[in-house]
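Participant: Fold the following.
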Amino acid sequence: MKNILKIILIFSFAIITFNSCDNDKGVNDGKFDANEESGWVQFQSNESQIWLDAYNFDEVFEIPVEVNVPVVKDNLTINYSLVGVSGVDPNTVFSNNGSIVSPAGFSSNFDLFFPSISFDISEALNITETLIFDVVLESTNKSTVQVGISGSEDTRPTTYRVSICPIVLSRSDFVTGDFNLTVTSGSSLFGGDVFADQVVSIQEGNNGANSREFDVVYEPGGPANSITITFSIDTSNGQVNIGDGISTNIACEVGELLLIGGDATNIFSFNPCTVLVTDTTLMLNMLDFQGGSGGCGVGDVPLTVVLTKV
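Facilitator: Below you'll find the predicted structure:
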């Protein structure tokens, strides 16, 4: 009897074990068949614009690359090319060798590690027109790691466009030379012109490469009443800052000189990435009788001066 019970128990255990293994296979069927060293590489985004006038050259420009591979047992070499779109050939500007190495043991999947394609932007300092080029992921040194996923360029980009705008605002010849001056805001409160239509010569000012100045007659003070208008260009955003408290040499009350100056909201619309050089027209939004100066009973009268290059 004991032997019969023993045989029954062994037989029952075998059936349970067989069924258990069979069920496990059904649940996990194919789960461990995939190659954990297979995957793809891509960019995180697809575009950047660099404005050389405002760029911090102590920083290295980097384009992160996603390594979507679960396990990277050996160094992964990622090859890329620079393809010109507009301007000079980027391969003659940058000293990049066309490849980066993602070290073994690191992956973007779990470690949030992103190897980067780096550029020394100071190598582009001498460009004179906008440089636009594509950085294109080409291949890897492993057959199991492809570039991107077919049909998903929008969500998994393998091409990254770079636009580099040339130095313009801080050039010593930018907004210099002869300009036609006109006043579009109307006549002076004294009657007649604030500034007569004329040609003025703009030159670099006394406050550095971004400062400018020109002499013009403030007409209410007479034909010999020449004053100097000063302004500067902010290279970080293109804003024109007009000098404040510029004396007109006249007053309505003794001891209270009438002043003109800048309007703090004045913005010079400029983007060196879309134009080669835009210094043909400049608008100066100024304030006559600035701050109620001159004892004339009025203050901050808008004065719009348009300068057009001859």
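
Participant: The protein - how does it break down into domains?
Facilitator: As recorded under automatic domain parsing, the domains making up the chain are 39-165, 177-309.

Participant: ranking the ones you listed by mean pLDDT, which is last?
Facilitator: Of all the domains of the chain, the segment with the smallest mean pLDDT is domain 177-309, scoring a mean of 89.

Participant: Do me a favour and get the end-to-end distance for it?
Facilitator: 8 Å (CA to CA, to the nearest Å).

Participant: Please apply the same query to stretch 243-257.
Facilitator: With CA to CA as the measure, the first residue of stretch 243-257 is 16 Å from its last.

Participant: what does that stretch contact?
Facilitator: The contact list for stretch 243-257 (CB atoms under 8 Å, 6 or more residues apart in numbering) reads 218, 220-221, 225, 227-231, 258-262, 290, 293-297. All C-beta spots, glycine's among them, are computed from the backbone N, C-alpha and C.

Participant: Out of the domains of the chain, flag the one nearest Arg171.
Facilitator: Proximity to Arg171 (CB to CB) singles out domain 177-309 among these, at 7.9 Å.

Participant: was I right about Gln49 contacting Leu131?
Facilitator: No - distance between Gln49 and Leu131: 11.0 Å, which falls outside the contact criterion (CB atoms under 8 Å).

Participant: Those two: which is more packed in?
Facilitator: When Gln49 and Leu131 are compared for neighbours, Leu131 comes out ahead with 24 against 13, by other CB atoms under 10 Å.

Participant: one step back: what subset of the contacts of stretch 243-257 is buried?
Facilitator: Buried residues within those, defined by neighbour count using 16 or more other CB atoms under 10 Å: 218, 220-221, 227, 229-231, 258-262, 290, 293-294, 296.

Participant: For the closest residue to Arg171 other than its chain neighbours, grab the count of nearby residues.
Facilitator: Using CB to CB, 6 or more residues apart in numbering and skipping residues adjacent in sequence, the residue nearest Arg171 is Ala209, 7.9 Å away. Number of residues near Ala209 (other CB under 10 Å) recorded here: 15.

Participant: Repeat that for Ser226.
Facilitator: Neighbour count for Ser226, taken as other CB under 10 Å: 12.

Participant: and it, what does it touch?
Facilitator: Taking CB under 8 Å, 6+ apart, we find Ser226 in contact with 215-218.

Participant: where's it relative to Ser247, distance?
Facilitator: Taking CB to CB, to the nearest Å as the measure, Ser226 falls 11 Å from Ser247.

Participant: go on, Ser108?
Facilitator: Ser108 is 63 Å from Ser247, where distance means CB to CB.

Participant: which of the two has more neighbours?
Facilitator: Ser108 (21 against 15).

Participant: wait, isn't the more buried one in contact with Glu66?
Facilitator: Yes - Ser108 lies in contact with Glu66 (CB under 8 Å); the separation is 4.5 Å.

Participant: Need the residues touching each of those two.
Facilitator: Between them, Ser108 and Glu66 share the neighbouring residues Phe114, with contact defined by CB under 8 Å, 6+ apart.

Participant: Quickly list what Val145 is bridged to.
Facilitator: When bridges are assigned using DSSP bridges, the partners listed for Val145 are Gly39.

Participant: my bad, Leu82
Facilitator: Note on Leu82: beta-bridge partners by DSSP bridges are Val135.

Participant: cool, and Ile242?
Facilitator: According to DSSP bridges, beta-bridge pairing links Ile242 with Phe231.

Participant: right, and it touches Gly262 too?
Facilitator: Yes - here Ile242 lies in contact with Gly262, judged by CB under 8 Å, at a distance of 2.8 Å.

Participant: okay, and the common contacts of the two?
Facilitator: Residues touching both Ile242 and Gly262 by CB under 8 Å, 6+ apart: 231, 284-286.

Participant: Tell me which of these fall in strands.
Facilitator: In this view, the shared contacts of Ile242 and Gly262 that belong to strands under DSSP state E are 231, 284-286.

Participant: neighbour-wise, which of those leads?
Facilitator: Each of those was scored by neighbour count (other CB under 10 Å); the top score is that of Met286, with 25 neighbours.

Participant: just the strands in the stretch 101-250 of the chain please.
Facilitator: Assigned by DSSP state E, counting those that start in this stretch, the stretch 101-250 of the chain shows strands spanning 116-119, 131-140, 145-147, 159-165, 177-183, 198-204, 211-217, 226-233, 240-242, 246-247.

Participant: just these: most buried one?
Facilitator: Mean neighbour count, computed with mean count of other CB atoms under 10 Å, is highest for strand 159-165 among the strands of the stretch 101-250 of the chain, reaching a mean of 21.

Participant: CA atoms only for that strand - export them in PDB, please.
Facilitator: The C-alpha trace of strand 159-165 is given here as PDB (Å, rounded to 0.1, in the frame of the first residue of the first chain):
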ATOM      1  CA  THR A 159      18.900  65.000 -38.800                       C
ATOM      2  CA  TYR A 160      19.700  68.100 -36.700                       C
ATOM      3  CA  ARG A 161      19.700  71.500 -38.400                       C
ATOM      4  CA  VAL A 162      22.100  74.200 -37.100                       C
ATOM      5  CA  SER A 163      21.800  77.900 -38.100                       C
ATOM      6  CA  ILE A 164      24.700  80.200 -37.100                       C
ATOM      7  CA  CYS A 165      24.200  83.900 -37.500                       C
END
